[in-house]
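Asker: okay, sequence plus prediction incoming.
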Amino acid sequence: MTIKSNTPASDRYRLIEDYLYLDGDTVRYKKDSLKHPNHSHRAGDEIKTSINGSGYRQVCFAGIQMFVHVVVFALHNKRMPLKNIDHINGNRLDNSPKNLREASRIANSRNQKTKCNSRSGIKNVLWNKQKK
């Protein structure tokens, strides 16, 4: 079954549950897939991921691309997230279930690190460049 990114969460969860399982902190394939020789995997293999431009791990399976932290959250909690997923320690590559929590967009943004180009050195403070 191939689904699009705008597919309802219940269908995405069912797809995740059918194809993948959580082994501790590692997401693994449930079934062999030998359809495409370049993308083949065996049951029990760790999922193949890539890191996107924003520093998050992604996985592509069954024709859809998803963030690994969403997949881990769904498998651990037996449902798709209703809000944003926050990495508690701020490390986008740490997708262990204990490091992931559901958070509102505002709460998630409070957990961001101070920007490297921040003039004030304080999180969420914007320097006003207006000339007087």
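Answerer: Structure's in. What do you need?

Asker: low-scoring pLDDT stretches of the protein, where are they?
Answerer: Across the chain, the ranges flagged by pLDDT under 70 are 1-7, 34-39, 113-127, 131-132.

Asker: quick one, strands of it?
Answerer: 20-23, 26-29, 49-51, 57-61, 64-67, 84-87, 100-103 (DSSP state E).

Asker: pick the most buried one from these.
Answerer: strand 84-87 (a mean of 19; mean count of other C-beta atoms under 10 Å). For every residue, glycine as well, the C-beta is placed using N, CA and C.

Asker: and it, how far from the chain's centre?
Answerer: Computed by C-alpha atoms, centre = their mean, to the nearest Å, the chain-centroid distance of strand 84-87 equals 8 Å.

Asker: pairing partners for that strand, with directions?
Answerer: Within its sheet, and counting by DSSP bridges, strand 84-87 is paired with strand 100-103 (antiparallel).

Asker: gap between the strand it pairs with and the chain center?
Answerer: Worked out by C-alpha atoms, centre = their mean, strand 100-103 lies 11 Å from the chain centre.
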